[in-house]
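Peer 1: 3D, please:
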Amino acid sequence: MGKAIFYHAGCPVCVSAEQDILHLIPGNQVEVIHLGTDKSKITDAANAGIKSVPALVMPNGNVLHINFGASIEDLK
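Peer 2: Next up is the predicted model:
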């Protein structure tokens, strides 16, 4: 089974969600990507189905949108 990928933009909502995710999923099973500092990953996030961050892409490809911090369009 592959890793989950947690995408966020660094806002307070995202940082809080990141901490919660890392308490739920062991760090070796989730990759954290900060789209505010790694803009090259925005296209990957959009292609995975991310509409807003914070969001978690599960290993099976399902996207779990968590709250609403920022639109993926706003990050582009």
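
Peer 1: which residues of this structure score low on pLDDT?
Peer 2: Residue ranges of the chain with pLDDT under 70: 1.

Peer 1: mind listing the strands for it?
Peer 2: For the chain, the strands defined by DSSP state E occupy 4-8, 30-34, 52-57, 63-71.

Peer 1: Not counting its neighbours along the chain, what's nearest residue 14?
Peer 2: The shortest distance from residue 14 to any non-neighbouring residue, by Cβ to Cβ, 6 or more residues apart in numbering, is to residue 8 (3.4 Å). From N, CA and C alone the C-beta is placed, and that goes for glycine too.

Peer 1: dump the residue contacts of the one you found.
Peer 2: With contacts defined as Cβ atoms under 8 Å, 6 or more residues apart in numbering, residue 8 is in contact with 14-15, 17-18, 32-36, 53-55, 69.

Peer 1: Scan the residues you listed and report the most crowded one.
Peer 2: Using other Cβ atoms under 10 Å as the neighbour test, the contacts of residue 8 are led by residue 53, with 31 neighbours.
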